[in-house]
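Asks: this one's sequence-less:
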């Protein structure tokens, strides 16, 4: 299986209502909503506090996609997310 196919398969496990926000954040540096921002900042308790029912059940798949397929420079801490949104590299 090709890497692109695996990445696409992982992306399709992310709930459909979250895919565009995730794409816009990674590709365009556009600020996501409170749930996705908490996930990207690695804030588990805030992630669950802001998750809808679908995202609560999909949190593993969302985090798995982020961990494996998006640049590590744009997630993992509040500082990294802030720098990414400003277009800066940590």
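Replies: Perfect, I can see it now. What you see is a predicted model; the values in this text were computed from it and never measured.
Asks: isn't residue 48 up against residue 55?
Replies: No - taking contacts as Cβ atoms under 8 Å, residue 48 lies outside contact range of residue 55: 9.0 Å. C-beta here means a position set from N, CA and C on the backbone, and glycine is covered the same way.
Asks: what about these two, which has more around it?
Replies: Using other Cβ atoms under 10 Å as the criterion, residue 48 and residue 55 rank with residue 55 on top: 20 against 14.
Asks: just checking, what packs against the helix or strand hosting the more buried one?
Replies: Take DSSP states H and E as the rule and residue 55 turns out to sit in helix 53-69. Contact analysis of helix 53-69 by 3 or more Cβ pairs under 8 Å, 6 or more residues apart in numbering; DSSP states H and E lists helix 3-13, helix 16-28, helix 34-40, helix 44-50 as its packing neighbours.
Asks: now, of those helices, which is deepest in the fold?
Replies: Mean neighbour count (mean count of other Cβ atoms under 10 Å) peaks for helix 34-40 among the helices and strands packed on helix 53-69, with a mean of 21.
Asks: and residue 29, how many neighbours?
Replies: Neighbours around residue 29, by other Cβ under 10 Å: 14.
Asks: for it, give me the pLDDT.
Replies: For residue 29, the pLDDT comes out at 96.
Asks: pretty sure residue 55 contacts residue 18?
Replies: Yes - Residue 55 is within contact range of residue 18, at 6.7 Å (criterion: Cβ under 8 Å).
Asks: any residues touching the lowest-mean-pLDDT helix or strand in the chain, and which ones?
Replies: Least confident helix or strand of the chain, by mean pLDDT, DSSP states H and E, is helix 3-13 with a mean of 85. If you take Cβ atoms under 8 Å, 6 or more residues apart in numbering as the criterion, helix 3-13 is touched by 19, 58, 61, 64-65, 68-69.
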